[in-house]
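S.K.: sharing a model prediction with you, sequence too.
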Amino acid sequence: MLKGKNAIVTGATSGIGLAIAQALAAQGCNLMFNGLGDSREIENLRRGIAENFGVKASYHDADLSKPEEIPALIKAAEDAFGRLDILINNAGIQYLSPIETFPTERWDAIMAINLSAPFHTIRAALPGMKRQGWGRIVNIASVNGLVGSTHRAAYVAAKHGILGLTKVVTLEIAEADITCNAICPGKVRTPLMERQIEARAEEYGLSYEAAAIEHVEEKHPSKKYATTNEIAALAVFLCGEDTTSINGAALPVDGGWLAW
């Protein structure tokens, strides 16, 4: 479906981002990915994607917390592939604390990665997409972009901001064959979620598995975690040729959380 298209995926070295990168590659999409990790492991990941799926795969080490490095990421993809068709803004960080003790440096870091970085990537990518007359932008937001949660002031604020940014981009490019949508995952067993489960187990003296069950049951009527593959499948769908009229949407993948 996406054979010959070219994509950037941020936060693509683990979790949701890795699943999206692999799903795009499975559809024939060339990849420029960005994320944290050991350089040898990242190179093995890059080589594996290229060999397993028969696509071009490159890595760029732009620090998304530094706006001045982001245009180089977009340009690297355009130089490597000739054009950039798809931008997946997935990179994100989290920190939990009551507002009155929330460290200001943590607020700034979360805003930089979760909200400012997508603005800068979109800003740099849109001119090329407009010139070629086609583009797909998918922002990985969160159910916390639609509802609040205690102790997550920065994360909730940033994810609400991503949904606002998605709508503004949509309005500005609505007449072109360019779309900008947001996926809003609920609880997904990513490394970030695993750390929250571990913290819950320690705080309440639970086994890891008992903490994991409690953690999902309190929000998901399904009593099941969403999977990275479900998120990836939706991202691939939104990047297709037949989704032009799906634009500015915030699509939950949340086990029924928002139906409570």
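M.R.: That came in fine, so what should we check first? Owing to the predicted nature of the structure, the values given are computational and were not obtained by experimental measurement.
S.K.: where does pLDDT dip in this structure?
M.R.: Residue ranges of the chain with pLDDT under 70: none are present.
S.K.: and the gap between the spatially most central residue of it and E100?
M.R.: Nearest to the mean C-alpha position of the chain, by Cα atoms, centre = their mean, lies N90 at 1.7 Å. Relative to E100, N90 is positioned 31 Å away (criterion: Cβ to Cβ, to the nearest Å). Any C-beta I mention is one placed from the backbone N, CA and C, and that applies to glycine too.
S.K.: what's the answer for L126, then?
M.R.: 39 Å.
S.K.: equivalent analysis for G164, please.
M.R.: G164 is 26 Å from E100, where distance means Cβ to Cβ.
S.K.: quick one: contacts for the nearest residue to S97 once chain neighbours are set aside?
M.R.: Leaving aside its sequence neighbours, S97 sits nearest to H151 (Cβ to Cβ, 6 or more residues apart in numbering; 5.8 Å). Neighbouring residues of H151 by Cβ atoms under 8 Å, 6 or more residues apart in numbering: L96, S97, P98.
S.K.: try it again at 10 Å.
M.R.: Counting by Cβ atoms under 10 Å, 6 or more residues apart in numbering, H151 touches Y95, L96, S97, P98, I99, T101, F102.
S.K.: pull out the buried members of the residues you listed.
M.R.: With neighbours counted by 16 or more other Cβ atoms under 10 Å, the contacts of H151 contain buried members at Y95, L96, F102.
S.K.: in a markdown table, list those residues along with distance to V55 and secondary structure.
M.R.: Shown next, in a markdown table, are the buried ones among the contacts of H151 (distance: Cβ to Cβ, whole Å; DSSP: H, G, I helix; E, B strand; the rest coil):
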| residue | distance to V55 | secondary structure |
| --- | --- | --- |
| Y95 | 35 | coil |
| L96 | 38 | coil |
| F102 | 42 | coil |
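S.K.: just curious, which of those is nearest to A210?
M.R.: Set against A210, the nearest of the buried ones among the contacts of H151 by Cβ to Cβ is L96 (19.7 Å).
S.K.: from S116, how far out is that closest one?
M.R.: In terms of Cβ to Cβ, L96 sits 21 Å off from S116.
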